[in-house]
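*Asks:* any chance you could fold what I've pasted below:
(chains A and B)
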Amino acid sequence: MDFFKIIDQLSEVDADVLGRFNSRRAVFGSLGTAAKRSALAATPLFLGALFQKAYAGTAATGVEVLQYALALELFEQDFYAKVKASSPYANASAADKAAIDQIKKHEDSHVTLLRGAISGLGATPVTGVTFKAAVFAGLTTFKSGAAATTQLGIAQLLEDTGVRAYKGRAGELLGTDLLTVALQIHSVEARHAAKIRDMRGQRAWVNPADDLAAHPVYTSGVTAGSTPAAFGLVVPAYTAASPVENNTTQSGVDIKAGLGATYTASDAAAAFDEYLQVAEVLDNSRAGGLIGA
Amino acid sequence: MSDTLRPTDPQSPQPGQPLLARIKRRSFFMYAGATAGATALVLAGCSKDNTTPTSTTTGNVSFGTGDASVLNYAYALEQLEAAFYAKVAALTASPLLAAEVPYFAKLATHEAIHRDFLRTAINRDFNGTIIPDLTPKFDSIDFTKRVKAAADTKLGILDAAKAFEDLGVAAYNGAAKLFKSAVYLGIAGQIVSVEARHAAYVRDLILPGSFATNEAGDTLGFDRQMTPTAVLAVAQTYVEQTLNGSTIGQ
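*Replies:* Got it, this is the predicted structure:
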């Protein structure tokens, strides 16, 4: 466990974190000798106590949202690990490999940070969320062939789902500093989605002309009879379907004709990303169908 | 206040570094010390808020308070982005590559939609509080250049687009926690990821593989977040009016 890296990452994303620890210098100063320091710093208990101090008072719901985020990040992390170990990746162009490597590093980083934050809030981080090996075995090409069965096609679906998933729960973090951290991950997922889409010759944003536009990731509701796997997570009750990605009405405003100018349905839809609720993300037609042993 | 005016980490202004160099007085406040800088800015804001304008220009734009102020802040940034891309789209001899021209036309439309949507939403929900139309000032951008050369003092179109998009993402990320209502947070969240998609696209045009904000050797995987004060210090470069964001989110 690289304690210093976690602190650096936290201070990167949470402007106030060093203040929460009084000061970095004070924290380390109080630890005594270098030997004692490294021994202590390697202790999860110490790390947990430090985060607990830093984030004391954050609403309990924060843990649930972070666990959910961690589950999805673990899932993505495992997917990219499987990609990197595969022969289609080995045969990919250097630029494509570099992009996948970069994205994988980001997912690793998200996992590390979320784990640390969850431990710090006194909870045990979820584990064992992996991309289903049997499904992965069917992805025999990097990016050529039917969109939904290539590695990059699935990567696009995962990244766009990730963006929608973070958006679906950000509101529950309102009023906490965890919100800022979650959003700093959220927008990076959108950058990943844009990059993967570009690698596939698609527009950077979701639009009706996408080759995967009809996939359930971009539509809504849960599959009849689907029971979302929950990994011990709290799954909020599913009520009504979230807006589909080709939605052209935002906050009751018709984007095509209600703004004093006329815009096409395609542009109106592309200018806004939509959210997904937990039950939809974990539905068998989306991430739920790809998670497993 | 000191927590909201913490000088963002040294990397934060990276996309706008050439811009910050142009506004030394403000960057001085950002780095000379958070407390001193905050005090100076707050005092400046107060004196302007509490008295009638001393200038005859229509120059001082105040964003108001509460959720209206955060929406106004987003509206200001979207106005700038929309104006910038509209100007790019209107070029008769664009230095952009043929494949990029229609893409930038789409960016122009998305930003115009964001601007028009925010204007409509603010007028509907917070009638009478909307900020005026800003007068863009793009004299630091060379619209005849696709990318700036090392010796150039002005930004090329792609450099400016990158700066605007990254600034927009950092601005939304930093201001989100100022919202009181989850409804507006949701709307901002729906816009910011589209900005991030734009940013990734533009960045990769400049340097393939640079789609995220991380620079060489940096593998963090977190987008930047900036306070309204820090963002407006950069945005001020592109606006004739004086932007006073001291009450945003209060």
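*Asks:* where does the prediction get shaky in the chain?
*Replies:* Looking at chain A here, since you left the chain open. A:1-60 (pLDDT under 70).
*Asks:* try chain B instead
*Replies:* In the predicted model of chain B, residues B:1-58, B:214-219 satisfy pLDDT under 70.
*Asks:* in it, what residue is nearest chain A?
*Replies:* B:Gly221 (2.9 Å; Cβ to the nearest Cβ). Using the backbone N, CA and C atoms, a C-beta is placed for each residue, glycine as well.
*Asks:* so that residue sits right up against A:Lys104, yeah?
*Replies:* No. At 9.7 Å, B:Gly221 and A:Lys104 do not qualify as touching, with contact defined as Cβ atoms under 8 Å.
*Asks:* same drill for those two, tell me which one is more crowded.
*Replies:* B:Gly221 (30 against 19; other Cβ atoms under 10 Å in any protein chain shown).
*Asks:* can you pull the contacts of the more buried one?
*Replies:* Residues in contact with B:Gly221 (Cβ atoms under 8 Å, 6 or more residues apart in numbering or on different chains) are A:105-110, A:185, A:188, B:212, B:214.
*Asks:* near chain B, which residues of the stretch 101-250 of chain A?
*Replies:* A:102, A:105-110, A:113, A:163, A:166-167, A:170-171, A:174-177, A:179-181, A:183-195, A:198, A:203-205, A:250 (Cβ under 8 Å from any Cβ of the partner chain).
*Asks:* residues touching residue 186, list them.
*Replies:* Reading this off chain A. A:163, A:166-167, A:170, B:189, B:192-193.
*Asks:* if you could check chain B rather than the one you did, that'd help
*Replies:* A:167, A:170-171, A:275.
*Asks:* A:Asp273 - that's part of a helix, no?
*Replies:* No. Counting by DSSP: H, G, I helix; E, B strand; the rest coil, one finds A:Asp273 to be coil, located in no helix.
*Asks:* what sits closest to the residue of the stretch 101-250 of chain A found nearest chain B if chain neighbours are left out?
*Replies:* Residue of the stretch 101-250 of chain A nearest chain B, by Cβ to the nearest Cβ: A:His106 (2.9 Å). The shortest distance from A:His106 to any non-neighbouring residue, by Cβ to Cβ, 6 or more residues apart in numbering or on different chains, is to B:Gly221 (2.9 Å).
*Asks:* any idea how far A:Ala81 is from that neighbour?
*Replies:* Distance of B:Gly221 to A:Ala81, given as Cβ to Cβ, to the nearest Å: 15 Å.
*Asks:* ditto for A:Leu179
*Replies:* For A:Leu179, the distance to A:Ala81 - Cβ to Cβ - is 29 Å.
*Asks:* compare those two (neighbour count), which wins?
*Replies:* Using other Cβ under 10 Å, the more surrounded residue of A:Leu179 and A:Ala81 is A:Leu179, with 23 against 15.
*Asks:* ok, and the closest non-adjacent residue to that one?
*Replies:* Excluding its sequence neighbours, the residue lying closest to A:Leu179 (Cβ to Cβ, 6+ apart) is A:Leu173, at 3.9 Å.
*Asks:* thought that neighbour was touching A:Val65?
*Replies:* Yes. Counting by Cβ under 8 Å, A:Leu173 does reach A:Val65; the two are 5.8 Å apart.
*Asks:* tell me the one of the contacts of B:Gly186 nearest B:Phe179?
*Replies:* A:Gly171 (9.4 Å; Cβ to Cβ).
*Asks:* wouldn't that closest one be in contact with B:Tyr184 here?
*Replies:* No. Applying Cβ under 8 Å as the test, A:Gly171 and B:Tyr184 come out as separate, 10.0 Å apart.
*Asks:* can you list the residue ranges for helices in the chain?
*Replies:* Picking chain A for this. A:3-13, A:17-20, A:24-29, A:34-41, A:44-55, A:61-84, A:87-90, A:94-120, A:133-137, A:151-169, A:178-199, A:265-270, A:278-281 (DSSP state H).
*Asks:* my bad, the chain I had in mind was chain B
*Replies:* Under DSSP H, chain B gives helices at B:17-20, B:24-32, B:34-50, B:66-89, B:100-125, B:157-175, B:182-206, B:228-235.
*Asks:* show me what contacts residue 84?
*Replies:* Defaulting to chain A. By Cβ under 8 Å, 6+ apart, the neighbours of A:Lys84 are A:100-101, A:104.
*Asks:* not what I meant, chain B
*Replies:* B:111, B:136, B:138, B:141, B:160-161, B:164, B:238.
*Asks:* report the two of those residues separated the most.
*Replies:* Taking Cβ to Cβ, the two most distant members of the contacts of B:Phe84 are B:Glu111 and B:Ile141; they sit 15.4 Å apart.
*Asks:* higher neighbour count, those two?
*Replies:* Just comparing B:Glu111 and B:Ile141: by other Cβ under 10 Å the higher neighbour count belongs to B:Glu111, 28 against 24.
*Asks:* quick one: the more buried one and B:Lys87 touch, right?
*Replies:* No. Contact criterion Cβ under 8 Å: B:Glu111 and B:Lys87 do not qualify, at 11.5 Å.
*Asks:* before we move on, back to that, got JSON lines for the contacts of A:His186, with distance to B:Gly168 and neighbour count too?
*Replies:* Below are those laid out as JSON lines (distance: Cβ to Cβ, whole Å; neighbours: other Cβ atoms under 10 Å in any protein chain shown):
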{"residue": "A:Val163", "distance to B:Gly168": "16", "neighbour count": "31"}
{"residue": "A:Tyr166", "distance to B:Gly168": "18", "neighbour count": "27"}
{"residue": "A:Lys167", "distance to B:Gly168": "17", "neighbour count": "25"}
{"residue": "A:Ala170", "distance to B:Gly168": "17", "neighbour count": "22"}
{"residue": "B:Gly189", "distance to B:Gly168": "13", "neighbour count": "29"}
{"residue": "B:Val192", "distance to B:Gly168": "7", "neighbour count": "27"}
{"residue": "B:Ser193", "distance to B:Gly168": "11", "neighbour count": "32"}
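*Asks:* let me have those residues in CSV, adding distance to B:Glu81 as columns.
*Replies:* Formatted as CSV, these follow (distance: Cβ to Cβ, whole Å):
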residue, distance to B:Glu81
A:Val163, 20
A:Tyr166, 23
A:Lys167, 21
A:Ala170, 22
B:Gly189, 17
B:Val192, 12
B:Ser193, 15
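*Asks:* now, which of the residues you listed sits nearest A:Ser220?
*Replies:* Of these, the one sitting nearest to A:Ser220 (Cβ to Cβ) turns out to be A:Lys167, at 13.0 Å.
*Asks:* how close does that closest one sit to A:Ala261?
*Replies:* For A:Lys167, the distance to A:Ala261 - Cβ to Cβ - is 26 Å.
*Asks:* ends of stretch B:142-157, how far apart?
*Replies:* Terminal residues of stretch B:142-157 lie 7 Å apart, using Cα to Cα, to the nearest Å.
*Asks:* give me the contact list for that stretch.
*Replies:* B:18-19, B:87-88, B:91, B:93, B:95-97, B:104, B:140-141, B:158-159, B:163, B:206.
*Asks:* so how far is it off the chain centroid?
*Replies:* Put simply, stretch B:142-157 sits 19 Å off its chain's centre (Cα atoms, centre = their mean, to the nearest Å).
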